[in-house]
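Asks: Attaching a predicted model along with its sequence, questions to come.
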Amino acid sequence: MYFFPGDKFLFVGGGIIVFYLWCKKEFAGSGWFEKKKPAVVSKAAHTFDQFTDAVVAEPLSVSEKQGFLQLMRELVTPALHPKLEPVINQLKTFNDSNDAFEPLYSLSNFTDDEDIAFISLLDWKSAIEDLVWRIETSLKQNYDTVIGLPSDTQWEPNASVSYDNVFKTYDNTLRQHGFQLGFMNTGGDDYALLVFKTDQKERVEEAVKLTGYGYYEISY
């Protein structure tokens, strides 16, 4: 039996590849089949200091800040309040029509980075599985509750959250268990999603209005 130098390198190289495949999570930070968090909806492509001096930061009004704080108390588990409250207290609005400066997007970027289930922003093109992930995360993190949600396979492949009856389907399921969906009206083509108990509705709606955004529900 002959053993050539090339065979030795092939054997060693193959062993390294197998080792990497087995230990991918340690090298790359994620395994092969882990469920990924959906992409973050962010309208701020640049940091604020990259814009002109004409863009002036102003603190939120007392009522706007109170609205976000009230929403936090209604929707977020108390264990996360110490991390989130200082961020809300420091939120600013900007004298620019670009909605990248909206305080809602700044807050959403922070909560997504910190894995805090609060106000979930979904683009109209977002996959239905992203909606399911957001709802499940909010229920588990804030209410320690698990609800069996409808499968997204009832819609065509690549269907998005903006398809007919998507929000209504999940809202109906939640209501059967004492929960529901609500939305903040951003005036744009995205959805600012809220998950809460039905007996919280009046307080949540009041808090949303204090923030300066409108409140609505999907009832089609």
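Replies: Looks like it came in fine.
Asks: Doesn't residue 195 belong to a strand?
Replies: Yes - counting by DSSP: H, G, I helix; E, B strand; the rest coil, residue 195 is found in a strand.
Asks: Now it: closest residue in space, sequence neighbours ignored.
Replies: Nearest non-adjacent residue to residue 195, counting by C-beta to C-beta, 6 or more residues apart in numbering: residue 138, 3.9 Å away. Every residue, glycine included, has its C-beta placed from N, CA and C.
Asks: Could you double-check that that neighbour sits in contact with residue 197?
Replies: No - under the criterion of C-beta atoms under 8 Å, residue 138 makes no contact with residue 197, lying 11.2 Å away.
Asks: With neighbour numbers in mind, choose between the two.
Replies: residue 138 (24 against 17; other C-beta atoms under 10 Å).
Asks: That one: what's it in contact with?
Replies: By C-beta atoms under 8 Å, 6 or more residues apart in numbering, the contact list for residue 138 reads 75, 117, 120, 195.
Asks: That one: which element?
Replies: helix 128-143 (DSSP states H and E).
Asks: Please name the nearest non-neighbouring residue to residue 205.
Replies: In space, residue 205 is closest to residue 215, 4.6 Å off (C-beta to C-beta, 6+ apart).
Asks: And that neighbour, its phi and psi?
Replies: Note on residue 215: backbone dihedrals following degrees, to the nearest 10 are phi -120, psi 140.
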